[in-house]
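Q: Sequence isn't available, so here's the structure alone:
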């Protein structure tokens, strides 16, 4: 990876920016001749292999069908080969050819990674009994994987993995608190490399099964021209507002974040155009760069990709992919709206204006355009789900036979309509701009780019296909668009040369497939290397040690515990790409919150815990001195990279408070929402709360804040985000009922309800347990026994007591820490006659109105005082 310490505060050229992205994402080596052709061929074969194993065709023909372990092995074999071939060993290594020793390392690493596939039948007959060749392949594979990680990801990931490997083999020599028996070479290598608990575990499985297809989808969409379309559309819609280019950068980064798994690539893609424009309207260089950094990193929070973490959450939390998207969408939107507001406040403080436009823009058009750009994905999803979802209800399994031709006809119609308008080109942002692009022609010129996203939404939400199959069909449609869009535009514009434009389309497809594979190298290596940490946790039980450590340091205080976990996530996440970041923090820190929270009465759904650690792990991407995105943006803005990093971290503070809020108020994750009115109220209040926090931390609301006004704004923020805290002081939220009521409560609970139960007893490790569990009940079932079985737990009643009789391995009950033999001591139900916590909103909004009125008066009085002084 590029060394941030070598990037100074000078403006980077376009070639230097491409180099930063290549070093971080695709590999900095660009050989010529045979080596270049071989690299392209291997990358192309990787993309085609991933499309093949995702397609239904393999199963229909009975040819080329691989089980999960074989697919993971081949996936990592491709990744390690390309890592050694595409990423130079050091700064002095050649970039224009691949040295012989790197070819040898690439072949050796690929063989070791493919060992499970090549000798799968032999290995399956002797699990846990490795031969000498097995051990040699495993040990060499670990070493080569770490070297590939060093090249593709940098030293932080390697150091972390090495520390955990040392812990595995030198457990007896560790301090008493973290000591364990240690593992032999046979046991360690079998666990880490020759099975599916370590390197080839869930993380690589998700990388091979889901992540590759979505990264490929994003690469093809970018190749088609969608990135340029999103940027120009955002500039056209918002460039005229106060600080307009900065607001457009926020929206453009949110849009490209939908299709990008890399915050660095997002910075360079959108920042090259937006940062000079942001500076042009008057923003300080470090603030211009920081806006782009904060919005690009936030792209990793935005569904549907979330830096590939969304697919890992499916496996780690045990809920459907659509549920992950539902829970993640509101915090992501709130975070972007707050950043949009921060940009507005900065413009207000400096009295900045926007860029001029030719046509007159009515106020209603401003409101509509802003709403569409900020909430575009939600609106598109709603149109697909409610506008066309009835087709599924009417046609059933035959709906695809109706929707497919409709989508095809819609594509041709949209291209015909878009062909009336000029093709979009990315202008030089440093050139003087007299007027902004016109809104209508800009938006209408690329409407067909929304169709593959609509197809993806249809597959996920209406057809409810798996994420892999949804991405496969959306990608196939996108491939069709990529090949045909140029000839179709030529046909409708009457420009001819259809064969030439068809060749151009196939060239775009070829380039997109290769780029998608190269974009996946670092992600695949990251998931495999993070598997070492996951394997260490499952082999040594260090997760329990982390829980005890945080418990000792926090002294049992719930808020101190959450702050400690947040800080540890920040430290663990420094220098790690998003995917590896989430694997590490979720493996080590999510169980800490679950266990210690359960002991202290903090019972929250598992998805809230995983989003908490994910947000703080991701905050490390912004934190100086590691955040490479800050260095790239600083190079574009010609600003100091450290100052840019700290400014971006300040802008990202509004993201840092969200995890604390949705841990205590899970309505922000759309959990417990029972009506459309409730949903609208939740989103409205949360948005106002995030804007109040932005106003408090930026020192400006209507005018500059006084210290007590900032304090009041923070109090309002807390009250709006967590109204239950104040109501809990006035009225207890829960009442206990005896365990004997369990059967009745389970049978009568509404769909997807959670039941608060308290358990006690002796754990498998011999520890005394007394904690709460928020047990997910899922859909109703004919009996309480069957409904509990859906969550993975069985119970047995005797003598007025209820005991946990079975816990299914890997179930949601097991993830929550339920164990066989524990006794259910109590069940908690919400108090029926408790006043709604929403009443707290009234005094909170009254206080906000008072602050607004006070500042409004002060702002109005300022010009009068100034005029009076001039008169004197």
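A: Sure thing, it's come through. Since the model is a prediction, treat every value here as computed from it, not as a measurement.
Q: which residue ranges form the helices in the stretch 401-550 of the chain?
A: 439-444, 450-457, 467-493, 498-540, 542-554 (DSSP state H, counting those that start in this stretch).
Q: closest to residue 401 out of the ones you listed?
A: Closest of these to residue 401 is helix 467-493, at 13.4 Å (criterion: C-beta to C-beta). Where you see a C-beta, it was placed from the backbone N, CA and C, and this is true even at glycine.
Q: Compute the inter-axis angle for the closest one and helix 450-457.
A: Put simply, helix 467-493 runs at 160 degrees to helix 450-457, going by axes from the mean of the first three to the mean of the last three C-alpha atoms, to 10 degrees.
Q: And helix 467-493, what does it pack against?
A: Here helix 467-493 touches helix 33-54, helix 212-224, helix 399-418, helix 450-457, helix 498-540, going by 3 or more C-beta pairs under 8 Å, 6 or more residues apart in numbering; DSSP states H and E.
Q: Figure out how far stretch 630-643 is from the centre of its chain.
A: Averaging C-alpha positions (C-alpha atoms, centre = their mean, to the nearest Å) puts stretch 630-643 24 Å from its chain's average.
Q: average pLDDT for that stretch?
A: Stretch 630-643 carries an average pLDDT of 78.
Q: Ends of that stretch, what's the gap?
A: Terminal residues of stretch 630-643 are spaced 9 Å apart (C-alpha to C-alpha, to the nearest Å).
Q: Check stretch 80-91 too.
A: 20 Å.
Q: one step back: for the helices of the stretch 401-550 of the chain, give me CSV that also has distance to residue 266, mean neighbour count and mean pLDDT.
A: CSV is the format used below for the helices of the stretch 401-550 of the chain (distance: least, C-beta to C-beta, whole Å; neighbours: other C-beta atoms under 10 Å; pLDDT from 0 to 100):
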stretch, distance to residue 266, mean neighbour count, mean pLDDT
helix 439-444, 21, 16, 80
helix 450-457, 17, 22, 84
helix 467-493, 19, 21, 89
helix 498-540, 12, 22, 89
helix 542-554, 32, 17, 80
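Q: Run the chain-centre distance for stretch 199-218.
A: That offset, for stretch 199-218, works out to 14 Å (C-alpha atoms, centre = their mean).
Q: so how far does that stretch reach from one end to the other?
A: End residues of stretch 199-218 are separated by 26 Å (C-alpha to C-alpha).
Q: Ok, which of the helices of the stretch 401-550 of the chain comes nearest residue 415?
A: helix 467-493 (4.7 Å).
Q: chain center to that closest one: distance?
A: Relative to its chain's centre, helix 467-493 lies at 26 Å (C-alpha atoms, centre = their mean).
Q: Dump the helices of the stretch 401-550 of the chain to TSV, plus distance to residue 798.
A: Shown next, in TSV, are the helices of the stretch 401-550 of the chain (distance: least, C-beta to C-beta, whole Å):
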stretch	distance to residue 798
helix 439-444	68
helix 450-457	50
helix 467-493	43
helix 498-540	34
helix 542-554	31
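Q: Which among those helices is found nearest to residue 396?
A: helix 467-493 (17.8 Å).
Q: Let me know the angle separating the closest one from helix 399-418.
A: Using the same axes, to 10 degrees: helix 467-493 against helix 399-418 is 40 degrees.
Q: State the phi and psi torsions of residue 824.
A: Backbone torsions for residue 824, taken as degrees, to the nearest 10, come to phi -80, psi 110.
Q: For it, which residues are in contact?
A: Listed by C-beta atoms under 8 Å, 6 or more residues apart in numbering, the contact set of residue 824 reads 739, 742, 757-759, 795, 801-804.
Q: from the residues you listed, which would you call buried?
A: Among these, the ones that count as buried by 16 or more other C-beta atoms under 10 Å are 739, 742, 757-759, 795, 802-804.
Q: Give me the subset of these lying in strands.
A: Among the buried ones among the contacts of residue 824, the residues falling in strands (DSSP state E) are 757-759, 795, 802-804.
Q: I'd like these as CSV, with pLDDT and distance to residue 714 appended.
A: Listed next are these as CSV, based on pLDDT from 0 to 100; distance: C-beta to C-beta, whole Å:
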residue, pLDDT, distance to residue 714
757, 87, 36
758, 87, 34
759, 86, 37
795, 87, 45
802, 85, 44
803, 88, 47
804, 87, 43
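Q: on that earlier part again, nearest to residue 620, of the helices of the stretch 401-550 of the chain?
A: Closest among the helices of the stretch 401-550 of the chain, once you apply C-beta to C-beta, is helix 498-540, at 14.0 Å.
Q: what angle do that closest one and helix 542-554 make?
A: Helix 498-540 runs at 70 degrees relative to helix 542-554, counting by the same axes, to 10 degrees.
Q: okay, now the domains of the protein?
A: Following automatic domain parsing, one gets these domains for the chain: 4-204, 670-730+838-872, 734-830.
Q: Packed most tightly, which of those domains would that be?
A: domain 4-204 (a mean of 18; mean count of other C-beta atoms under 10 Å).
Q: Tell me the helices and strands packed up against the helix or strand containing residue 142.
A: In the assignment (DSSP states H and E), residue 142 maps to helix 132-153. With contacts defined as 3+ C-beta pairs under 8 Å, 6+ apart, helix 132-153 has these neighbours: helix 68-86, helix 100-113, helix 115-118, helix 155-169, helix 185-192, helix 498-540.
Q: Give me the pLDDT for the residue nearest to residue 80 when sequence neighbours are not counted.
A: Of all residues not flanking residue 80 in the chain, residue 109 sits nearest, at 3.8 Å (C-beta to C-beta, 6 or more residues apart in numbering). pLDDT for residue 109: 95.
Q: Kindly report the same for residue 428.
A: Reported pLDDT for residue 428: 61.
Q: try residue 74
A: At residue 74, the model reports a pLDDT of 95.
Q: again with residue 336
A: Reading off the confidence values, residue 336 has pLDDT 82.
Q: quick one: buried residues of the helix or strand hosting it?
A: Element membership for residue 336, per DSSP H and E: helix 321-350. Residues 321-348 are the ones in helix 321-350 that count as buried (16+ other C-beta under 10 Å).
Q: Quick one, which of the helices and strands packed on helix 132-153 gets closest to residue 282.
A: The nearest among those, by C-beta to C-beta, is helix 498-540 at 35.4 Å.
Q: got the angle for that closest one vs helix 185-192?
A: 140 degrees.
Q: just how off-centre is helix 498-540 within its chain?
A: So, by C-alpha atoms, centre = their mean, the centroid of helix 498-540 is 17 Å from its chain's centroid.
Q: Residue 179: what secondary structure?
A: Assigned by DSSP: H, G, I helix; E, B strand; the rest coil, the conformation of residue 179 is coil.
Q: residues touching it, list them.
A: Neighbour list for residue 179: 171-173 [criterion: C-beta under 8 Å, 6+ apart].
Q: Tell me the one among the residues you listed nearest to residue 538.
A: Closest to residue 538, out of all of the contacts of residue 179 and judged by C-beta to C-beta, is residue 171, at 14.0 Å.
Q: From residue 545, how far off is the closest one?
A: 11 Å (C-beta to C-beta, to the nearest Å).
Q: before we move on, what about residue 267?
A: 37 Å.
Q: same thing with residue 658?
A: Residue 658 is 29 Å from residue 545, by C-beta to C-beta.
Q: Spatially nearest residue to residue 312, not counting backbone neighbours?
A: residue 206 (5.2 Å).
Q: and that neighbour, what helix or strand is that in?
A: Assigned by DSSP H and E, residue 206 belongs to helix 202-206.
Q: Report the mean per-residue pLDDT for that helix.
A: The model assigns helix 202-206 a mean pLDDT of 86.
Q: Endpoints of stretch 620-638, how far apart?
A: 23 Å.
Q: my guess is residue 741 meets residue 827, correct?
A: Yes: with contact defined as C-beta atoms under 8 Å, residue 741 and residue 827 form a contacting pair (6.2 Å).
Q: what lines up beside the host helix or strand of residue 761 in the sheet?
A: Following DSSP H and E, one finds residue 761 within strand 753-762. Taking DSSP bridges as the criterion, strand 753-762 forms sheet pairs with strand 768-778 (antiparallel), strand 823-830 (antiparallel).
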